[in-house]
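Peer 1: how would this look folded up:
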Amino acid sequence: MRLVGDRRVFTVEDVTARLSGMFEGLKSFWVEAEVQDLRPARTQMRFTLRGEHVLDASMNGIVFDRLPHRPANGTLVQAYGRIEFWRQRGQISMRVEKLELAGEGLLRARVDELRARLEGEGLLDPGRKRRPPMLPRRIGLVTSPDGAARDDVLTTLWARFPGADVVLVSVPVQGDAAPGLIVRALRHLDRRPDVDVIVVARGGGSLEDLMAFNSETVCRAVAAAATPVVSAVGHERDVTVCDLVADVRVSTPTAAAAVVVPSLEAVEARLDDASLAIRRGLERAGAAAGRAVERRADALVRALRGSGALGRDRVDRLAPRLTSALRRVGATAPAELAVRREALRRAAGLRAEAAAGRLERSAGLLGLLSPERTLARGYAIVRDGGSGAVIASAEGVEAGRSLVIGMRDGRIAARAEEPSP
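Peer 2: Residues are numbered from 1 along each chain as shown. Reported below is the predicted structural model:
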């Protein structure tokens, strides 16, 4: 700097030196902005950070290539680094040390990473998906307690099939607590043997709003369910990882209801068609059977006549042998009958003796256990005066209740006073 008259005059070098000193004192800090104009330059990756203003930036090319989620042009990022001032050109730029995705870009990167990992495990394979039954006994519904998605599903379900049975489990569908509660609801419904299909539903929203259905715990619970799962999360443009691992994906909660139950009119029409087809089939089968009987009637008559003739010949040949055998049996039958009659008499006697012994023992045991035997030892039996039912406990007997006390030699009518323990 030099004085020219009453003026202080600086050189360009003086100005840049002062600016350089100002920036050298700044520490590293975070900046959030969009990445634009990504371009490799030798060992560096150069780009601009754009907000309402634009800031030139650069990063070591090797570090940039090793980022877990490398940004693309237009991606929102958070950059950590320090400001550099190039004195020769009077330019300001930022030397970036760390670069992370931010906002929706970070969320989408996480979703893409989870989707790729589950796809690698085969959980997105169409071959593992199952179709819900045509008429489920009971439908499990996991959704918000007061959202439009719940009303859309229930209204459409009961409009299509008024007899549909629904088990509703209300859970929050966004926020930090949502994934754990959704998983618990899914597992609860999956354990119920009467639930044949589970619907997971919520309305549309931003990517951040839908992140509960992009969480790994929810997606794995859907994939692990033994019960078919229908995912109705968001709208047509919103596709979550939950949609991809579910057995059926539909674009809206209303469409989910159409998937899990048919319309009543369609069921009735299908039953009518089936009834008509069965009736026609029976008529055709009856007519065919009648024609077959008519064709074979003559052959059957001839066959029966032939069999009758053969039978008569055989009877004629076997008659002498049958007569001789009957005579031998008739000669030995009286003696054999006498032997068997005596064996039967002895067996009947033994059975009667054994039954009499068992009866005598049972009668003795019955006598020991009979109430009369108990009364004979000095005990009494208390019965209700009205119904005659035995009263075995003082508890519940109110004062003034009529009683009958049975003793060894008769009965006594009595009335209960205040019971005491």
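
Peer 1: quick one: the helices in the stretch 1-150 of the chain?
Peer 2: Along the stretch 1-150 of the chain, counting by DSSP state H, counting those that start in this stretch, helices occupy 12-24, 61-65, 103-120, 148-160.

Peer 1: Low-confidence regions, the stretch 1-150 of the chain specifically.
Peer 2: Along the stretch 1-150 of the chain, the parts satisfying pLDDT under 70 run over 1-2, 4, 10-12, 14-16, 18-25, 90, 103-107.

Peer 1: And the strands in it, which stretches?
Peer 2: For the stretch 1-150 of the chain, the strands defined by DSSP state E, counting those that start in this stretch cover 2-4, 7-9, 29-41, 44-50, 54-60, 76-86, 91-101, 139-143.

Peer 1: List the buried residues for the longest one?
Peer 2: Within strand 29-41, the residues that count as buried by 16 or more other Cβ atoms under 10 Å are 31, 33-35, 38. The C-beta positions use only the backbone N, C-alpha and C, and glycine is treated the same way.

Peer 1: Now do stretch 324-342: distance to the chain's middle.
Peer 2: Distance of stretch 324-342 from its chain centroid, counting by Cα atoms, centre = their mean, to the nearest Å, is 74 Å.

Peer 1: Return it as CSV; C-alpha atoms alone will do.
Peer 2: Presented in CSV, the C-alpha positions along stretch 324-342 are these (Å, rounded to 0.1, in the frame of the first residue of the first chain):
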residue,chain,number,x,y,z
SER,A,324,-72.3,-138.9,0.1
ALA,A,325,-70.7,-136.0,2.1
LEU,A,326,-74.0,-135.1,3.7
ARG,A,327,-74.6,-138.7,4.8
ARG,A,328,-71.1,-138.8,6.5
VAL,A,329,-71.8,-135.6,8.3
GLY,A,330,-75.3,-136.8,9.4
ALA,A,331,-73.7,-140.0,10.9
THR,A,332,-71.1,-138.1,13.0
ALA,A,333,-73.2,-135.1,13.9
PRO,A,334,-75.0,-136.4,17.0
ALA,A,335,-71.8,-137.4,18.8
GLU,A,336,-70.1,-134.1,17.9
LEU,A,337,-73.2,-132.2,19.1
ALA,A,338,-73.2,-134.0,22.5
VAL,A,339,-69.4,-133.2,23.0
ARG,A,340,-69.9,-129.5,22.2
ARG,A,341,-73.1,-129.3,24.3
GLU,A,342,-71.2,-130.5,27.4
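
Peer 1: Redo the strands of the stretch 1-150 of the chain as CSV? Include distance to His188.
Peer 2: Rendered in CSV, the data for those read as follows (distance: least, Cβ to Cβ, whole Å):
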stretch, distance to His188
strand 2-4, 85
strand 7-9, 80
strand 29-41, 41
strand 44-50, 48
strand 54-60, 49
strand 76-86, 39
strand 91-101, 36
strand 139-143, 8
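
Peer 1: Of those strands, which is nearest Arg377?
Peer 2: Set against Arg377 and scored by Cβ to Cβ, the strands of the stretch 1-150 of the chain come closest in strand 139-143, at 64.2 Å.

Peer 1: got the angle for that closest one vs helix 148-160?
Peer 2: For strand 139-143 against helix 148-160, the angle by axes from the mean of the first three to the mean of the last three Cα atoms, to 10 degrees is 160 degrees.

Peer 1: by contact count, what packs against strand 139-143?
Peer 2: If you count contacts as 3 or more Cβ pairs under 8 Å, 6 or more residues apart in numbering; DSSP states H and E, strand 139-143 packs onto helix 148-160, strand 166-170, helix 178-191, strand 197-202.

Peer 1: so which of these comes closest to Leu26?
Peer 2: Going through those one by one, with Cβ to Cβ as the measure, helix 178-191 comes closest at 41.0 Å.

Peer 1: so how far is the longest helix anywhere in the chain from its chain's centroid?
Peer 2: As far as residue count goes, and with DSSP state H defining each element, the longest helix of the chain is helix 264-369. Put simply, helix 264-369 sits 51 Å off its chain's centre (Cα atoms, centre = their mean).

Peer 1: Which is the succeeding secondary structure element to that helix?
Peer 2: helix 371-376 (DSSP states H and E).

Peer 1: pLDDT of that next one, averaged?
Peer 2: Helix 371-376 shows a mean pLDDT of 70.

Peer 1: For Gly306, see how far away Asp298 is.
Peer 2: 13 Å (Cβ to Cβ, to the nearest Å).

Peer 1: Apologies, that question was intended for Arg328.
Peer 2: Computed as Cβ to Cβ, the Arg328 to Gly306 distance reads 34 Å.

Peer 1: try Ala348
Peer 2: For Ala348 relative to Gly306 (Cβ to Cβ), the value is 53 Å.

Peer 1: swap in Val339?
Peer 2: Taken as Cβ to Cβ, the spacing of Val339 relative to Gly306 amounts to 47 Å.

Peer 1: for the closest residue to Met45 other than its chain neighbours, what are its contacts?
Peer 2: Excluding its sequence neighbours, the residue lying closest to Met45 (Cβ to Cβ, 6 or more residues apart in numbering) is Phe64, at 4.1 Å. In this structure, Phe64 makes contact with 45, 70, 99, judged by Cβ atoms under 8 Å, 6 or more residues apart in numbering.

Peer 1: Now the buried members of those residues.
Peer 2: Those of those that meet the buried threshold are 45, 99, by 16+ other Cβ under 10 Å.

Peer 1: For Thr227, state which of the contacts of Phe64 is nearest.
Peer 2: Closest approach between the contacts of Phe64 and Thr227, by Cβ to Cβ: Arg70, at 40.0 Å.

Peer 1: list the contacts for that closest one?
Peer 2: Phe64.

Peer 1: my read: Ala380 touches Asp409, true?
Peer 2: No: at 11.2 Å, Ala380 does not count as touching Asp409 under the criterion of Cβ atoms under 8 Å.

Peer 1: So for these two, which sits in the more crowded spot?
Peer 2: Neighbour comparison, Ala380 and Asp409: the larger count goes to Ala380, with 12 against 6 (by other Cβ atoms under 10 Å).

Peer 1: Excluding sequence neighbours, find me the nearest residue to the spatially most central residue of the chain.
Peer 2: Against the mean C-alpha coordinate of the chain, by Cα atoms, centre = their mean, the closest residue is Asp190 at 2.5 Å. Taking Cβ to Cβ, 6+ apart, and ignoring the residues beside it in sequence, Asp190 has Ala225 as its nearest neighbour in space, at 4.6 Å.
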